[in-house]
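A.B. asks: Below is the sequence, then the predicted model.
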Amino acid sequence: MSDEYLLKLRGIEKSFPGVKALKNVDFTLRKGEIHALMGENGAGKSTLIKILTGVYPKDDGEISIEGKSVSIHSPKDAQENGISTVYQEITLCPNLTVAENMFIGRKKEKWVNHKSYEKKADEQLKSLGIPVKGSKQLGKCSLAVQQMVAIARAVDMNCKVLILDEPTSSLDDKEVKMLFDLMIDLKAKGVGIIFVTHFLEQVYEVSDRITVLRNGELVGEYLTRDLPQVMLVSKMMGKELNELDTFEESKVHESVDSEVFYESKNLCSDETNPFSFSIRKGEVNGFTGLLGSGRSEIVRAIFGADKVTKGKVFINGKEVKINRPIDAMKNGIGYLAEDRKRDGIIAELSVRENIILALQVMNGFFKPISRSESEAFADEYIKALNIKTASSETPVGSLSGGNQQKVILARWLLTHPDYLILDEPTRGIDVGTKLEIQKLILKLAKEGVSVTFISSEVEEMLRTCSRLIVMRDRHIVGELKGKDLNQTKVMKTIAKGGEK
């Protein structure tokens, strides 16, 4: 790895109304290295990246590339200085081919020779080891391949600095390995990579150095090999890990002997195979399985978000019909969806308006919640969940991902549900907020709320759930509890579920 600095940020400052987002932050990147940028939600990572990519103007500080001071006032300036970003949400056009996406916006000719572009794309893709042809429609590729195409586009634009913002959050293990192989290949070619992720294991697998931010300030810069994982977590959170130890001790893997709250028999939707499932009052259970196993489809059927085609549902032993989300809500069921941006927040509305949304739907729009009531509700849950926002009137879209997730949780808690379904509530959020949400889940269970918890991180589910339902190919293939609640047993059950 070269010692030559490719990128230097010195004394970067940025303020928003009422918030100092960055305070005298330094960051360096060398040629041919993978540098992890770490911190809790709200630490300043996104703001720093947006300054570097020209989305936000900096208030103060200096940016230099290869020793030369540069001014970046727009994404175009960033691109011209060799800075490219690949975001968690793919920003390419799924209806176009891979080649068209790679060269879109850069074609100078009046008439386009698609074959020549496809040939050029194929050469670039092959050189990077990306397993796709330029003629294939992008929307028919896996999410991992789509991200790699976005990276290939950046590389073809003479990218020197590549920013990868949560690139692995929706990928399975095989796809993550494909992406890491590409990152290592680019590193060998001299590209400097800024890697933003919340998966700590991945940081230690692929990064050379780590920079930690907290509350908009630089905590420190470290060689990855010199920073133990427990110390990284401590520096991100700004405290010792006694709380985590206490949390681990509070988790007891025992079956719940209370009454059954919800039960389905041979329930089936357009997206699931028939399944039978029950949960007791005060129980925390979860659905686990590989990406695409049907975890989300099952809970969408339970909530009535997907059309139910057959089967029976019982609440407290009484048969009910749940054909729509409003039916589920009126029967005491809340649902935090997997994709918070698509199915959760309404970005343009305020924190207050987002929090009261579900309760208002249940009340009916002819019985509006008064402004004073809604302000009181919002203030109560902002305080209870420690939501970091300038005020209850701040547009929720301007909050960090973890705080957006807390707003959606507040929305459902305000309805006082008997059964709360949480699908990936901790995806893409920081360690501290994850811990808060896990503690909240156990607290709700102690108060008698039934909770179904889904996470791609099996360790997180093992810490939180007293029973796991294992899925494969949209079928329930096993159930684990007690001494069988361990990662090895989960993997073996998934594997065995595929045997014919």
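C.D. replies: Arrived safely, thanks for sending. Numbering: from 1, shown residues only.

A.B. asks: can you count the residues close to the residue lying closest to Ser15 once chain neighbours are set aside?
C.D. replies: Nearest residue to Ser15, sequence neighbours excluded (CB to CB, 6 or more residues apart in numbering): Asp59, at 5.9 Å. Every residue, glycine included, has its C-beta placed from N, CA and C. Applying other CB atoms under 10 Å, we find 14 residues neighbouring Asp59.

A.B. asks: which residues sit in contact with Asp59?
C.D. replies: Applying CB atoms under 8 Å, 6 or more residues apart in numbering to Asp59 gives the contacts Glu13, Lys14, Ser15.

A.B. asks: just the CA coordinates of the host helix or strand of Ile302, formatted as CSV?
C.D. replies: In this assignment (DSSP states H and E), Ile302 forms part of helix 295-303. The C-alpha coordinates for helix 295-303 follow below in CSV (Å, rounded to 0.1, in the frame of the first residue of the first chain):
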residue,chain,number,x,y,z
ARG,A,295,-39.4,-14.0,5.6
SER,A,296,-40.8,-10.6,4.5
GLU,A,297,-43.5,-12.2,2.4
ILE,A,298,-44.8,-14.1,5.4
VAL,A,299,-45.2,-11.1,7.7
ARG,A,300,-46.7,-9.0,4.9
ALA,A,301,-49.4,-11.7,4.6
ILE,A,302,-49.9,-11.6,8.4
PHE,A,303,-50.4,-7.8,8.2
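
A.B. asks: want to throw the contacts of Asp59 into JSON lines with secondary structure and pLDDT?
C.D. replies: Listed next are these as JSON lines, based on DSSP: H, G, I helix; E, B strand; the rest coil; pLDDT from 0 to 100:
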{"residue": "Glu13", "secondary structure": "strand", "pLDDT": "95"}
{"residue": "Lys14", "secondary structure": "strand", "pLDDT": "94"}
{"residue": "Ser15", "secondary structure": "strand", "pLDDT": "90"}
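
A.B. asks: which one of these is nearest Gly42?
C.D. replies: Lys14 (13.2 Å; CB to CB).

A.B. asks: what number of residues lie near that closest one?
C.D. replies: With other CB under 10 Å as criterion, Lys14 counts 22.

A.B. asks: Check the gap between it and Gln202 for me.
C.D. replies: Taking CB to CB, to the nearest Å as the measure, Lys14 falls 27 Å from Gln202.

A.B. asks: again, but for Lys489
C.D. replies: For Lys489, the distance to Gln202 (CB to CB) stands at 24 Å.

A.B. asks: got it, and Asn323?
C.D. replies: 41 Å.

A.B. asks: More neighbours: these two, which one.
C.D. replies: Gln202 (17 against 11).

A.B. asks: which SSE is the more buried one in?
C.D. replies: Going by DSSP H and E, Gln202 is part of helix 200-206.

A.B. asks: thinking Arg209 is in contact with Met38, fair?
C.D. replies: No. With contact defined as CB atoms under 8 Å, Arg209 does not reach Met38; the gap is 10.6 Å.

A.B. asks: Would you mind telling me which of the two has the busier surroundings?
C.D. replies: The neighbour count for Arg209 versus Met38, taken as other CB under 10 Å, is higher for Met38 (27 against 20).

A.B. asks: next helix or strand past the least confident helix or strand in the chain by mean pLDDT?
C.D. replies: Here the helix or strand of the chain ranked lowest by mean pLDDT, DSSP states H and E is helix 242-250, holding a mean of 49. Per DSSP H and E, the first helix or strand lying C-terminal to helix 242-250 is strand 260-269.

A.B. asks: Name every strand pairing with that following strand and say which way it goes.
C.D. replies: strand 275-280 (antiparallel), strand 308-315 (antiparallel) (DSSP bridges).

A.B. asks: residues making contact with the shortest one?
C.D. replies: The list of residues contacting strand 275-280 from outside it, by CB under 8 Å, 6+ apart, reads 256-268, 285, 298, 302, 419, 450, 452, 469, 475-476.

A.B. asks: bridging residues for the residue nearest to Thr309 when sequence neighbours are not counted?
C.D. replies: Nearest in space to Thr309, with sequence neighbours left out and distances taken as CB to CB, 6+ apart, is Cys268 at 5.2 Å. Following DSSP bridges, Cys268 is listed with bridge partners Lys310.

A.B. asks: Near Cys268, how many other residues are there?
C.D. replies: Going by other CB under 10 Å, the residues that sit close to Cys268 add up to 15.
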